[in-house]
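Chemist: task: produce atomic coordinates for the following.
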Amino acid sequence: MSRTTFLDWPVIRQLRGGDPTGRGAAVTSAATRATAPRTAIADGVAESVCPYCAVGCGQRVFHKDGKVIQVEGNPDSPVSRGRLCPKGAASEQLGNSPLRQTKVLYRAPYATDWSDLDYDTAMDMIADRFIEARRNHWEDADEQGRPLRRTMGIASLGGATLDNEENYLIKKFFTAAGAIQMENQARI
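Modeler: Residues are numbered from 1 along each chain as shown. Modelled structure (predicted):
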């Protein structure tokens, strides 16, 4: 390692060189010049949407060896024009957290422990319970014979992490199923 001399000080380099304002090479260390962005080593980049709120900011997700290494705003997004809030910028932690659940967990009635379930079994269980709740709580008419065509056995509670299109489809689905109890943080 070479020894730093008086002439290597940034202020001296600034005065001697062509960088009088001290915003360029005169004040940049060798370590800084050797630094490369994380995106330079990425295997690829995927376009995505931030999962945190209903704004739908565009993201560029850089990955290497199947792991997210950097998340940046997508400059091509008409919504966010390349900008992300602090939560969106930190969403790399969402995919890489060691606490992230990566499998379906199920706790049977009266059980004290959780067990692993495969996705197909879990989806079938949800569908069966949805259909059963609709069938068991269907109200075709009220006491006076007025048509109701609804179920009080199904409700939907959504959050603002879904965008407007997803919320619209969920509202249409639950309405078609006869549910009338639908609430969402985004209040569509």
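Chemist: just the helices in this structure please.
Modeler: Listed in chain order, the helices of the chain (DSSP state H) span residues 10-16, 30-34, 86-89, 92-96, 119-136, 164-176.
Chemist: just the strands in the protein please.
Modeler: 44-49, 58-64, 67-73, 104-106, 115-117, 138-141, 147-158, 179-184 (DSSP state E).
Chemist: which helices and strands sit right next to the fifth one?
Modeler: In this structure, strand 115-117 packs against strand 104-106, with contacts taken as 3 or more CB pairs under 8 Å, 6 or more residues apart in numbering; DSSP states H and E. (C-beta placed from N, C-alpha, C; glycine too.)
Chemist: okay, the residue nearest the centre of the chain: pLDDT?
Modeler: Centroid-nearest residue in the chain: Pro51, 2.4 Å away (criterion: CA atoms, centre = their mean). Here the pLDDT value assigned to Pro51 is 83.
Chemist: the chain should start at 29 in everything you say after this.
Modeler: Fine by me, first position is 29 from now on; the one you just mentioned is Pro79.
Chemist: spatially nearest residue to it (excluding sequence neighbours)?
Modeler: Using CB to CB, 6 or more residues apart in numbering and skipping the chain neighbours, the partner closest in space to Pro79 is Thr189 (5.6 Å).
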